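[1] Show me the folded form of this:
(4 chains)
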Protein chains: 2
Amino acid sequence: MEAAILPRIGGLRAERRAATRDAIVAGTLSLVAEGGWSVASMHDVARRAGVATGTLYRHFPSKSELLAEVFAEAAARELAVVADIAGRPAPGPLRRLRAAIEAFAHRANAAPTLAYALMAEPADPAVEAARLANKRAYAGVFAALLEEAAAAGEIAPLDTGVAAAAIVGALQEALLGPLAHGRAGPRLVAELVTFTINAVGGAPHGHDPA
Amino acid sequence: MEAAILPRIGGLRAERRAATRDAIVAGTLSLVAEGGWSVASMHDVARRAGVATGTLYRHFPSKSELLAEVFAEAAARELAVVADIAGRPAPGPLRRLRAAIEAFAHRANAAPTLAYALMAEPADPAVEAARLANKRAYAGVFAALLEEAAAAGEIAPLDTGVAAAAIVGALQEALLGPLAHGRAGPRLVAELVTFTINAVGGAPHGHDPA
DNA sequence: CCAAACCGTGAACCATGATTCACTGTTCAC
DNA sequence: GTGAACAGTGAATCATGGTTCACGGTTTGG
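    Residues are numbered from 1 along each chain as shown, chains lettered A, B, ... in the order given. Modelled structure (predicted):
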């Protein structure tokens, strides 16, 4: 749809090639979002993308690389949402931390299977590596917020690297259980926010300067 | 060694059978402790245990069940250490929480590969299920401590289930990174203790009643 | 002492699923 | 217009590693 409107870059062939590649990535992602990595056999991926299995290998050297790219794309999208909220100029670092946590939980809630696939489902080593990088990126976002908060005197100084990693782990672990069955309700999210803010030494209910 | 000293239960045959089974479990565990689940092929497991591959199937119906049992045994051992410390009558719930965290970190430090295998390495679904149960067990231990602490007035009331799960996740995530390369030093552990105690609303440095 | 039951063996077997490749139709460069 | 280059095909191929099984040797119960 969009490819047809955009001006052609590099001729018909390149355009179609790119479209096929996109279809493969999109198809794989939709499959993973429905059933996780375990259902993503090359055969089924090809069927979902509407191409033959051989075509997959015209665009990706191996299954590992295909899955890694799919992961990277999906994970980056999720991260961008949280990072955007965290980076937005707002009342204060801790407020943004709270908002970031809420956004993270909200997104996981909206797509539980995908969230599980991105966060914890056993996967190909290449995906695992990308997952590690993704976690580090989240930790980086949180660490930046904590530095800011410390600089602003909202919290006492602390090892932001450790705290950020711990926050990432806490969020994941606390969310995965509830997500497996029902949903993560607002109460759970509130509890997590309090847990996190407390953990870094912030005022439990956030001093309202207003 | 021990089997030879213990009084025979059920005749020579049963004794040898049990010994073989133990050798299989122990061999698998040693292999996993060295290289994680990924190196535990049935062929190599058999070699390590000093038996033929077919023998494995005289004692376990499938690889899944063997690995699940090995996981359960190792994980239970680790849990027992932490649970013991947590349950030991001591100065106060938060003190025991601190001790439990330190013990957890210490053990992970002593056997990083095994810790990774138990906590996070992608594994067979059966192992994954056992891992989930193990995490819940840890969470149970922490939750009990938190209830006690709340009852004793050391912390404000909170959803102990959520907090306990978050603690488990925080510990794992914060430890896994450092463990991958060097070690988790005492500074990291101290940081984690502070993080956790803060998170549940305890006094940062623990009021010393003594 | 004997036969039944059973443990251990390890090479052969199989299932799964990733990867290849000879072939067809289309696009590009000249 | 024409040949080279290339996207797409999908059935066949291959690799990996879990699982089976026919075959001795040993223990057991009578």
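[2] From chain B, how far out is the residue of chain A found nearest DNA strand D?
    Residue nearest to DNA strand D within chain A (C-beta to the nearest atom of the strand): residue A:54, separated by 1.6 Å. (C-beta placed from N, C-alpha, C; glycine too.) Residue A:54 sits at a distance of 28 Å from chain B (criterion: C-beta to the nearest C-beta, to the nearest Å).
[3] cool, residue A:109 as well?
    15 Å.
[4] And for residue A:199?
    Distance of residue A:199 to chain B, computed by C-beta to the nearest C-beta: 4 Å.
[5] For that residue, grab the count of nearby residues.
    Using other C-beta atoms under 10 Å in any protein chain shown, residue A:199 has 25 neighbouring residues.
[6] With residue A:62 instead?
    By the criterion of other C-beta under 10 Å, residue A:62 has 13 neighbours.
[7] What confidence value was assigned to it?
    We note a pLDDT of 98 for residue A:62 in this prediction.
[8] rewinding a little: can you tell me the helix or strand for the residue of chain A closest to DNA strand D?
    Using DSSP states H and E, the element containing residue A:54 is helix A:53-59.
[9] Return that helix as CSV; C-alpha atoms alone will do.
    Provided in CSV are the C-alpha atoms of helix A:53-59 (Å, rounded to 0.1, in the frame of the first residue of the first chain):
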residue,chain,number,x,y,z
THR,A,53,10.7,-21.3,1.4
GLY,A,54,13.5,-20.7,-1.1
THR,A,55,12.6,-17.1,-1.3
LEU,A,56,13.4,-16.6,2.3
TYR,A,57,17.0,-17.5,1.5
ARG,A,58,17.1,-14.9,-1.2
HIS,A,59,16.7,-12.3,1.5
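[10] Now the element after that helix, going C-ward?
    Following helix A:53-59 in sequence order, the next helix or strand is helix A:63-87 (DSSP H and E).
[11] Sort out which residues of that next one are buried, please.
    Neighbour counts using 16 or more other C-beta atoms under 10 Å in any protein chain shown place A:63, A:66-72, A:74-75, A:78-79, A:82-83, A:85-86 of helix A:63-87 among the buried residues.
[12] swap in stretch A:186-197?
    Buried, per 16+ other C-beta under 10 Å, within stretch A:186-197: A:188, A:189, A:190, A:191, A:192, A:193, A:194, A:195, A:196, A:197.
[13] Okay, and which of these map to helices?
    Among the buried residues of stretch A:186-197, the residues falling in helices (DSSP state H) are A:188, A:189, A:190, A:191, A:192, A:193, A:194, A:195, A:196, A:197.
[14] what does chain A put close to DNA strand D?
    A:13, A:16-17, A:19-20, A:50-55, A:57-59 (C-beta under 7 Å from any atom of the strand).
[15] which two in these are spaced the farthest apart?
    The distance between the two most remote of those (C-beta to C-beta) is 21.6 Å, for A:13 and A:53.
[16] the more surrounded of the two?
    Neighbour totals were compared for residue A:13 and residue A:53, and residue A:53 leads with 13 against 8 (other C-beta under 10 Å).
[17] what is the mean pLDDT for the host helix or strand of residue A:47?
    Using DSSP H and E, residue A:47 falls within helix A:42-49. On average, the pLDDT along helix A:42-49 is 98.
[18] Which other helices and strands does that helix contact?
    helix A:11-35, helix A:53-59 (3 or more C-beta pairs under 8 Å, 6 or more residues apart in numbering or on different chains; DSSP states H and E).
[19] Residue A:100 is nearest to which of these?
    Nearest to residue A:100, of all the helices and strands packed on helix A:42-49, is helix A:11-35, at 22.5 Å by C-beta to C-beta.
[20] between that closest one and helix A:63-87, how big is the angle?
    Relative orientation of helix A:11-35 versus helix A:63-87 (axes from the mean of the first three to the mean of the last three C-alpha atoms, to 10 degrees): 80 degrees.
[21] if we can go back for a sec, and the helix holding residue A:47, what's buried?
    Result for helix A:42-49 [16+ other C-beta under 10 Å]: buried residues A:42, A:45, A:46, A:48, A:49.
[22] What lies in contact with it?
    Outside helix A:42-49, the residues that touch it by C-beta atoms under 8 Å, 6 or more residues apart in numbering or on different chains are A:23-24, A:26-28, A:30-31, A:52-53, A:55-56, A:63, A:66.
[23] what about 6 Å?
    In this structure, residues lying in contact with helix A:42-49 by C-beta atoms under 6 Å, 6 or more residues apart in numbering or on different chains are A:23, A:24, A:27, A:28, A:31, A:52, A:53, A:56, A:63.
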